[in-house]
Each structure stands twice: as C-alpha cells, then as structure tokens.
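Enquirer: A structural model of the following input is requested.
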Amino acid sequence: MKKVVVFLALVLTCTTLKAQYKGQGRVQYANDMGFRSGLLGMNIGAEYFFLDNLSFSPSFSILFPATGKASNLHLDARYYLTEETTQWYGLIGFANFRRRYELNPEIPLRNEPTLNLGGGLIHKLIDEIGINGEIKWQPQSNSDFILKIGVLYFVN
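Expert: Down below sits the predicted model:
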C-alpha cells in the first residue's frame, strides 16, 4: 500500500511540473540493476530544475529478489555539464534501501540509508522523449554500483 501511495504522489507531482532551465521538469520510467546485490527492479522518477543546470531528482525503485521484498528510494541532486542533444550530468544524493526477508524471521527488515555518487547522460530522441543511462555508487550499502537505463518525458 505504501508503494502505491508513493507512486501516486510522484505521478501527481510530475503532472504539475512545467528541461534544463529553472522551472522545467521531466518524468521517467527506468529499469535498474545492482551489480553486487544482483537485484533487478523497476524505477519511476521525476526531475525538477530549481536553478539553471541544477535539478532535484527523486525516484523510487521496486526490486525483485528471489524471496522477500525490496525497494530503494533515491533523492538526488544533478548538475548538468552540457546542454546539447546529449546532456551529461554528475549527481550526489541520499538513498534508503529496504529489504524484508520472508524466509528468515531473525532478519525481519533491513533498512540501510546510504549516499549516492555518480553520473549519467540523457539523449534527446525527439523534443518530448529521451533516453537516460546512469550509474551510481553507494559506498555504505556493501559498496554497490547501480546501473539504470530508462525513457523520459520532457514536461514543457
């Protein structure tokens, strides 16, 4: 139920946004994978530019472990280095990884706050649609790397 509420909150936030200048926004669907953890997931996110070339990008991942449930909340700040058709950026942020193990009652819930460091690129296909590739390093979470590939919509 909490995941549905978070998803609806992101969708409502994204529909009110007005892609690289102050006041512009983007919405995104992506798939992500942790290299060390081996977890695959679906990610939905938004991005809002509160200053030129500097944005806030919250996203939420639902991960699919073999047993149990897992999710990851990301709250990132992105700084864009280029403004062409291919836009490169660096990011820093906060993440909270949650994992519930159903088969092991001694570990009912694992909750790990961590740091995000990384970068990525956005390539515009047409005026409203682009693709996004991103890699993040989470040093506190068993030093995991997360690869994300997605499609985004430029809200204008």
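Enquirer: where's the residue nearest to residue 59 when sequence neighbours are not counted, which helix or strand?
Expert: Closest residue in space to residue 59, ignoring its immediate chain neighbours: residue 45 at 2.8 Å, by C-beta to C-beta, 6 or more residues apart in numbering. Every residue, glycine included, has its C-beta placed from N, CA and C. Per DSSP states H and E, residue 45 falls inside strand 40-51.
Enquirer: how about that strand: buried residues?
Expert: For strand 40-51, a neighbour-count test (16 or more other C-beta atoms under 10 Å) marks 41, 43-49 as buried.
Enquirer: what's the average pLDDT for that strand?
Expert: The pLDDT scores in strand 40-51 average 95.
Enquirer: again with stretch 90-103
Expert: The model assigns stretch 90-103 a mean pLDDT of 88.
Enquirer: residues of that stretch that come out buried?
Expert: Under 16+ other C-beta under 10 Å, the buried positions of stretch 90-103 are 91, 93, 95, 97-101.
Enquirer: now swap in stretch 123-137 and tell me
Expert: 124, 130-132, 134-137.
Enquirer: show me which pair in those is furthest apart.
Expert: Greatest spatial distance in the buried residues of stretch 123-137: 124 and 137, 26.2 Å, computed using C-beta to C-beta.
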